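S.K.: Here is the input, now give the coordinates:
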Amino acid sequence: MSKGKFDKAVAIVKSLPKGGPIQPSQDDQLYFYSYYKQATIGDVDIPRPGLLDFTGKAKWDAWNERKGVTSEEAYVKYVEKLLIILEATETEEAKDYIKEINAA
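M.R.: Numbering: from 1, shown residues only. Predicted coordinates for the structure are as follows:
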């Protein structure tokens with residue numbers, strides 16, 4: 001899996017409009033977040049947020065679960081997950097995104 005496909009997938013995920021036809025679930029969003037951080041930074045390198053920061057803890061925990069995953073593996077997991085979501089959506093927009101990823 002190329003970094004180009006990963007970069008294209010990241011750009012697509014970041015551009016998805018709220019309320020649009022392609023809506024990753026909260027679990028999917030944590031999945032993308034954790035593999036993005038693992039691909040771009042590596043193993044979690046910050047302390048776990050405090051008890052009242054529920055979102056921060058969920059993100060930290062998701063990222064920490066990826067400990068030891070290489071950047072290349074993280075690229076693959078991120079792109080594969082997005083392709084699964086896009087294929088399930090079956091819209092023209094999703095089909096266009098799939099073509100963009102495959103062309104990258």
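S.K.: separation between residue 38 and residue 77?
M.R.: 9 Å (Cβ to Cβ, to the nearest Å). C-betas here are computed from N, CA, C, even on glycine.
S.K.: List the residues that are in contact with both of these two.
M.R.: residue 69 (Cβ atoms under 8 Å, 6 or more residues apart in numbering).
S.K.: Which one's more surrounded, the two?
M.R.: residue 38 (26 against 20; other Cβ atoms under 10 Å).
S.K.: I'd say that one and residue 65 touch.
M.R.: No. Using Cβ atoms under 8 Å, residue 38 is not in contact with residue 65, being 9.3 Å away.
S.K.: Could you give me the buried positions within stretch 72-79?
M.R.: Going by neighbour count (16 or more other Cβ atoms under 10 Å), the buried part of stretch 72-79 is 74, 75, 76, 77, 78, 79.
S.K.: what residues does the helix or strand in which residue 88 is found touch?
M.R.: Using DSSP states H and E, residue 88 sits in helix 71-89. If you take Cβ under 8 Å, 6+ apart as the criterion, helix 71-89 is touched by 1-3, 5-6, 9-10, 12-13, 21-22, 24, 28, 31-32, 35-36, 38-40, 42, 66, 69, 94-95, 97-98, 101.
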